[in-house]
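# no sequence for this one, just the structure:
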């Protein structure tokens with residue numbers, strides 16, 4: 001079974017006044033990555049799985065393209081996000 005993990009730890013924001021640095025998101029992302037990549041627990045693919053820290057949009061797109069569309073069939077894909085969320089004009093981001 002091929003399991004792939006993509007983690008995103010968002011800790012830096014352009015609007016630092018209203019969305020301060022979130023140091024805990026990096027630790028949270030590393031903890032979940034460690035658990036999922038552990039062969040006796042999550043057993044996720046260690047080559048394709050990755051954790052991105054405050055990635056740009058192009059970095060995220062490239063990682064998704066590489067993980068999801070360049071390899072063999074994936075049986076399980078896990079997306080993990082740690083960071084702020086915001087509601088804007090009726091939509092949650």
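Noted; the coordinates are in hand. A quick note: this is a predicted structure, and the numbers were derived from the prediction, not measured.
# And the strands in this protein?
Remark: strands assigned in the chain by DSSP state E are 3-9, 50-53, 76-82, 87-88, 91-92.
# Of the ones you listed, flag the one that's most buried.
strand 3-9 (a mean of 21; mean count of other C-beta atoms under 10 Å). Yep, even glycine has a C-beta here, placed from its N, CA and C like the rest.
# Any stretches of this structure with poor pLDDT?
Under the criterion pLDDT under 70, the flagged ranges of the chain are 1, 13-16, 18-19, 71, 85-88, 91-93.
# for it, what's the longest helix?
Across the chain, the helix with the greatest residue count (assigned by DSSP state H) is helix 23-37.
# residues of it that come out buried?
25, 26, 28, 29, 32, 33, 36, 37 (16 or more other C-beta atoms under 10 Å).
# residue contacts, the residue nearest to residue 29 when sequence neighbours are not counted?
Ranked by C-beta to C-beta, 6 or more residues apart in numbering and with sequence neighbours excluded, the top spatial neighbour of residue 29 is residue 9, at 3.4 Å. By C-beta atoms under 8 Å, 6 or more residues apart in numbering, residue 9 lies in contact with 25, 26, 28, 29, 30, 51, 52, 53, 54, 82, 83.
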